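Asker: Requesting a structural model of the entry that follows:
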Amino acid sequence: MAVSFYMDVHVPRAITEQLRRRGVDVLTAIEDGAREWTDDALLERARELGRVVFTQDCGFRALAEHWQRAGRSFAGVLFGRQTGVTVGQFVMDLELIARASEPEEWLDVVGYIPL
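Answerer: As a prediction, the model looks like this:
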């Protein structure tokens, strides 16, 4: 089963669109009606949906790391810096993760891209 993503509100639309063109299952927080939700609520929602969150928000990453330390379960978080990485690099790495890994591998994991 391929990894599905839940895109935080800070992720550029171009990343989502290119992933979809490549057949990757992506849902944005905005499409999910969660634009104004707290990061806690977004992390919980992604867990309910079984989707790994992609974010470029340092605060969101820190929250996920806090959940790790507290033993609180989540579906996984991938963090990418907002500068120094192209849209194409993010798309290539996220597509690779979607196709080459299983959702279970990301449970309670905070990963960093580019790979």
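
Asker: The chain: strands as residue ranges?
Answerer: 5-7, 26-28, 52-55, 77-80, 110-113 (DSSP state E).

Asker: Which one, of these, ends up nearest to residue 13?
Answerer: strand 26-28 (8.1 Å; C-beta to C-beta). Backbone N, C-alpha and C define where each C-beta goes, glycine included.

Asker: so what secondary structure elements neighbour that closest one?
Answerer: With contacts defined as 3 or more C-beta pairs under 8 Å, 6 or more residues apart in numbering; DSSP states H and E, strand 26-28 has these neighbours: strand 5-7, helix 13-21.

Asker: if we can go back for a sec, turn the strands of the chain into CSV, columns for mean pLDDT and distance to residue 93.
Answerer: Shown next, in CSV, are those (pLDDT from 0 to 100; distance: least, C-beta to C-beta, whole Å):
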stretch, mean pLDDT, distance to residue 93
strand 5-7, 98, 12
strand 26-28, 98, 14
strand 52-55, 98, 10
strand 77-80, 97, 8
strand 110-113, 96, 4
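
Asker: Take those strands and write them to TSV, including distance to residue 103 and mean neighbour count.
Answerer: Formatted as TSV, those follow (distance: least, C-beta to C-beta, whole Å; neighbours: other C-beta atoms under 10 Å):
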stretch	distance to residue 103	mean neighbour count
strand 5-7	11	26
strand 26-28	14	19
strand 52-55	7	27
strand 77-80	13	23
strand 110-113	13	17
